[in-house]
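Chemist: compute the structure for the input listed below.
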Amino acid sequence: DGFCDLSGYPRAYIMQKGCACKFLYGPGTDEEKRTEIEKALEAKTELQVEVQFYKKNGNPFWCLVDLVPITNEKHEVVLFLASHKDITSSRLTVPGMARLSN
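Modeler: Numbers count the residues shown, from 1 in each chain. Got it, this is the predicted structure:
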């Protein structure tokens, strides 16, 4: 439910979407970050990345995304653990970091 609160989307909607969370992309989402996420999922590799996403209401937020592939006993990736942490407040207070546009 934390991700629902963070994104503003209901659980039923989120469960129909993929790990790349493309539905959170918006005009400020860096193309390189999008590519990093997609490549990690395709290659089935771990990734930690800070990316600007957008809530259902259109408000931007900075998110620390952790993607961790989960393997079965045959060492085959069967799913991903995806963690999303709102880091907007820390991004806005660190000198030299990108600021959210209004």
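
Chemist: what packs against the longest helix seen in the chain?
Modeler: Ranked by residue count, the top helix of the chain under DSSP state H comes out as helix 31-43. Counting contacts by 3 or more Cβ pairs under 8 Å, 6 or more residues apart in numbering; DSSP states H and E, helix 31-43 is packed against strand 47-54, strand 60-71. From N, CA and C alone the C-beta is placed, and that goes for glycine too.

Chemist: would you mind writing the CA trace of the shortest one as PDB?
Modeler: Taking C-alpha atoms only, strand 47-54 is exported to PDB below (Å, rounded to 0.1, in the frame of the first residue of the first chain):
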ATOM      1  CA  LEU A  47      19.900  -1.700 -10.500                       C
ATOM      2  CA  GLN A  48      19.700   1.200  -8.200                       C
ATOM      3  CA  VAL A  49      18.800   4.500  -9.800                       C
ATOM      4  CA  GLU A  50      17.400   7.900  -8.800                       C
ATOM      5  CA  VAL A  51      14.700   9.000 -11.300                       C
ATOM      6  CA  GLN A  52      12.000  11.700 -11.500                       C
ATOM      7  CA  PHE A  53       8.500  10.100 -11.700                       C
ATOM      8  CA  TYR A  54       5.000  11.600 -11.700                       C
END
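
Chemist: quick one: mean pLDDT for the longest helix of the chain?
Modeler: The average pLDDT for helix 31-43 rounds to 96.

Chemist: so Gln16 sits in a strand?
Modeler: No. According to DSSP: H, G, I helix; E, B strand; the rest coil, Gln16 belongs to no strand; its state is coil.

Chemist: tell me the phi and psi of it?
Modeler: phi -90, psi 0 (degrees, to the nearest 10).

Chemist: give the residue spans of the chain that score low on pLDDT.
Modeler: Along the chain, segments meeting pLDDT under 70 span 93-102.
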